[in-house]
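Undergrad: Pasting the sequence and the predicted model now:
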Amino acid sequence: MSTVNVKDNSPIVEEESKEEKLTGCDAVLHAIWPVRYRKRTTASNGELYIKTTIRNLLLYIIFLVILCIIVYGMVGLINFHFSNGMLSLFVDEELENGKTFRNGFVTYDDVWEYLTGPLLNGLHFETWYDLSNTTEENIGFIFYQNKILGRPRLLQIRVKDNSCPLSSRVKKMVESCVGEFNGKTENKEPFGKALKSIDQNDTTYKAWIYSKDPQGTGGYSGLVGSYPPNGFMINLGQYKSESLEILQDLKKNDWLDKFTRAIIIDFTVYNGNVNLFNQLRLAIEFPPTGGMFNSWTVRTSKLLRYVSTFDYVVAACECLFVLFIIYYTIEELFDIKLNKLKYFKDVYNIMDIFILGLSYTTIGFSIYRTIQVNKLLDHLLTNSSEFQNFDTLTFCQELFNQASAVVIFFAWIKIFKYISLNKTLDQLNSTLRKSAKDIMYFCIIFFIIFFAYAALGYMLFSEFLADYQNFFKTLFTLFRIILGDFDFKTLRANSPILGPIYFISFVFLGFFILLNMFMAIINQSYTEVKEEMAQQQPEFMLSDYLKVNYSRVVEKLNLRRDRILDIQEVLKSEEVSSKDELDFNLWRKELKKKGYADMEIESLFSRYDKDSDRKLNEIEKIKMVKDIAKARNNIKEEYQNFKQNRDTTTKKDAFEVGDDCVEEVDESEPRLMTRDDFDYVVGRIDRMEISVASIISKIDRLFHHLESMEIEKMRKRQEIARLLKEQTNSPEMDQNINQMISN
């Protein structure tokens, strides 16, 4: 049995990669969280990847704007003014001898002068500028604006006698030893007036008895050590006279002595004008070496978040922020499910997890703060004569602000994730990735030398230079030297020989060698990245996506314009314009010459044929002409606006797409082909080639099918002839059969 080989001509265009179609819930989830298109490697084509990335970028920008409103809504210039005003009153106010809390005290007299002077004057504004007394309503206000919540409190931390080891050789010279403060050396025994069996109703009784903070919160880390919230504490009075009486009694009975290691002054104020709380803590530490160290912390917080109209706007943004966090959490879970362990190899994915973790932490802080502030304010209203410890709340608010600051920092940094859409901007990411290994090795060498010089500087200069008094300060001092901020005169004055040698050698190694080596690594990596980008195959980038969409818009506008021009040419033709009425057959004949389908011709004609007589009278014809002219003007205006929007970012040239596509041309002069016309023609030719290739393929398959049918038909005829020959041997019958086969 013979066979016929038919050549299969396939289409000349490549088929697009087919994706698995999703249905039901999977399709909905994929539409909301298009995780598979977040990577160029998992997206089916470059255009889809760019489109998804632009969508994610716009969504992320909305999230970033909401985050900025939330974070920047918590702080402002008024916070600085509030804190600075409190510090100027309690830290920068001078004593009679010219000393201030900021510059430090020397003797116990300085401490008592401060407590009975600037401290009381700042806490009690009981007279106006004309020395007249304020009203009872203004009592307890600082600057006449800031209400003191509860009572200010003084807390003393003490240590035991003989709380440090003493050599037997010096015991005859030194009878007792009072060491540093720690949990073992803390003294909790009563002292002073408490040993004289004073009445418990005495105003200063609690100052001599060890007691615990009722709220059990707080604690303070100063310059010398860290201290608990418990100790020997006393609340000041509501009026200045009461507070002065308490302080004078404490001074008279030697409340401060050599066993005192710190006194801490705490109070919190609230300004209803700006809805801000300010917690101020002043600490005076008494180290075992003698002398005093003053330190302070001031925290201005907006603990009552929702009061003004803008606060409710922030509240709405917080709700949207929570929804965004939930959305991004689900997105990351889908991404982990899709990529498995490969997910954790991307730095930006790790950054996403870090941002989500901190975001949930800030949400927890916010809920905790709201609950605790309400409880504390309720307690304050019923116990206004007691000290109210806002330390934990303000500390949590400070942690909330710091966590929010870190979140918004990494949120801005995450924008680098989307700059890969642009080849030029992606050079920064590529340079950092390329130089990461070399930078790691450089950091090992750098920090070996850096820590070596830090250890040397700490050992040589820690005794007489504050910048080298501990190892961490020495590290910061060396960083400052690299950046050009140093005090060489003081270093040389305290160490004339080793100081200059230490400084010059570190500057030579750290600045002239190591820093320039670091710059050389970055420059080399940047050069390699530039060369690789010049040699690699071009990928579908953002500029390509914009060009494609621009071409599509231009093509649509050109197609609409050409259709209108064709219709106008038909209406202006002698055969149509010479007649008052336009017959449908003539209309169809002329538009068929232009290549229009019957459906388009019928649709346009019936739009103006109101009486359905298959003819357009003079009125209907005039209306068509006006509508066509109006449509052409609209396309002109639309295209000009589109082109002007594009020209705002690109410089015009002679071959800019769309320069002449809608301008009136002189019919008598030959029309030159513009870049737009050329692109349009090329696009139509490409579509025609695809269509022709498809038609040819179908025709080839048809021919192949017809040949197969012909072969099968021939085989059946031969089979019939064979059967007939077997039935008869007549020559005439054989002749008829052969004739039938030949036919």
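TA: Ah, there it is. Numbers count the residues shown, from 1 in each chain.
Undergrad: quick one: pLDDT of Val529?
TA: As summarised for this prediction, Val529 has a pLDDT of 85.
Undergrad: Give me the secondary structure label for it.
TA: Remark: Val529 carries the secondary structure label helix [criterion: DSSP: H, G, I helix; E, B strand; the rest coil].
Undergrad: starting at the chain centroid, how far to the helix or strand harbouring Ser241?
TA: Using DSSP states H and E, the element containing Ser241 is helix 240-252. Counting by Cα atoms, centre = their mean, to the nearest Å, helix 240-252 is centred 54 Å from the centre of its parent chain.
Undergrad: Which elements pack onto the helix or strand that comes right after that helix?
TA: Once the chain leaves helix 240-252, the next helix or strand it forms, by DSSP H and E, is strand 260-271. Using 3 or more Cβ pairs under 8 Å, 6 or more residues apart in numbering; DSSP states H and E, the elements in contact with strand 260-271 are strand 146-148, strand 153-158, strand 226-227, strand 276-285. Where C-beta positions appear, they are placed from N, C-alpha and C, glycine not excepted.
Undergrad: Next, the residues that contact the shortest one from outside, please.
TA: Defining contact as Cβ atoms under 8 Å, 6 or more residues apart in numbering, one finds that strand 226-227 is touched by 157, 181, 219-221, 261-262, 264, 283.
Undergrad: Quick one: buried ones out of those?
TA: 157, 181, 220, 261-262, 264, 283 (16 or more other Cβ atoms under 10 Å).
Undergrad: so how far is Ala194 from Gln156?
TA: From Gln156 over to Ala194 the distance is 13 Å, taken as Cβ to Cβ, to the nearest Å.
Undergrad: Now find how far off-centre stretch 270-281 is within its chain.
TA: Computed by Cα atoms, centre = their mean, the chain-centroid distance of stretch 270-281 equals 30 Å.
Undergrad: quick one: the strands in the stretch 501-650 of the chain?
TA: Defined through DSSP state E, counting those that start in this stretch, the strands belonging to the stretch 501-650 of the chain, from first to last, are 582-583, 615-616.
Undergrad: gap between the last one and the chain center?
TA: Computed by Cα atoms, centre = their mean, the separation of strand 615-616 from the middle of its chain amounts to 64 Å.
Undergrad: tell me what that strand is packed against?
TA: Judged by 3+ Cβ pairs under 8 Å, 6+ apart, the packing partners of strand 615-616 are strand 582-583.
Undergrad: Partner strands of the strand it packs on, with direction?
TA: For strand 582-583, the paired strands and their directions (DSSP bridges) read strand 615-616 (antiparallel).
Undergrad: ok and the helix holding Ser241 relative to strand 153-158, angle-wise?
TA: Angle, helix 240-252 to strand 153-158, by axes from the mean of the first three to the mean of the last three Cα atoms, to 10 degrees: 10 degrees.
Undergrad: Show me which positions of helix 240-252 end up buried.
TA: Judged by neighbour count using 16+ other Cβ under 10 Å, the buried positions of helix 240-252 are 240, 243-244, 246-247, 249-251.
Undergrad: rewinding a little: tabulate the contacts of strand 226-227 in TSV, adding columns for pLDDT.
TA: Putting the contacts of strand 226-227 into TSV (pLDDT from 0 to 100) gives the following:
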residue	pLDDT
Ile157	93
Phe181	90
Gly219	77
Tyr220	84
Ser221	85
Arg261	93
Ala262	94
Ile264	93
Ala283	94
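Undergrad: Relative to Tyr458, which of these is nearest.
TA: Checking the contacts of strand 226-227 against Tyr458 by Cβ to Cβ gives Ser221 as the nearest, at 21.6 Å.
Undergrad: Which residue is the nearest non-sequential neighbour of the closest one?
TA: Nearest-residue entry for Ser221: Tyr227, 7.7 Å, with adjacent residues in sequence omitted and distances by Cβ to Cβ, 6 or more residues apart in numbering.
Undergrad: One more: Leu356?
TA: In this structure, Leu356 finds its nearest non-sequential neighbour in Thr329, 5.8 Å apart by Cβ to Cβ, 6+ apart.
Undergrad: roughly how far apart are that neighbour and Ser359?
TA: With distances defined as Cβ to Cβ, the gap from Thr329 to Ser359 amounts to 9 Å.
Undergrad: And the two? Which one has more around it.
TA: Comparing Thr329 with Ser359 by other Cβ atoms under 10 Å, the one with more neighbours is Ser359, at 21 against 15.
Undergrad: ok, so what distance separates the more buried one from Phe321?
TA: Using Cβ to Cβ, one obtains 8 Å as the distance from Ser359 to Phe321.
Undergrad: re earlier: specify the stretch among the helices and strands packed on strand 260-271 that is closest to Lys340.
TA: Using Cβ to Cβ as the measure, strand 226-227 is the one of the helices and strands packed on strand 260-271 that comes nearest Lys340, at 45.8 Å.
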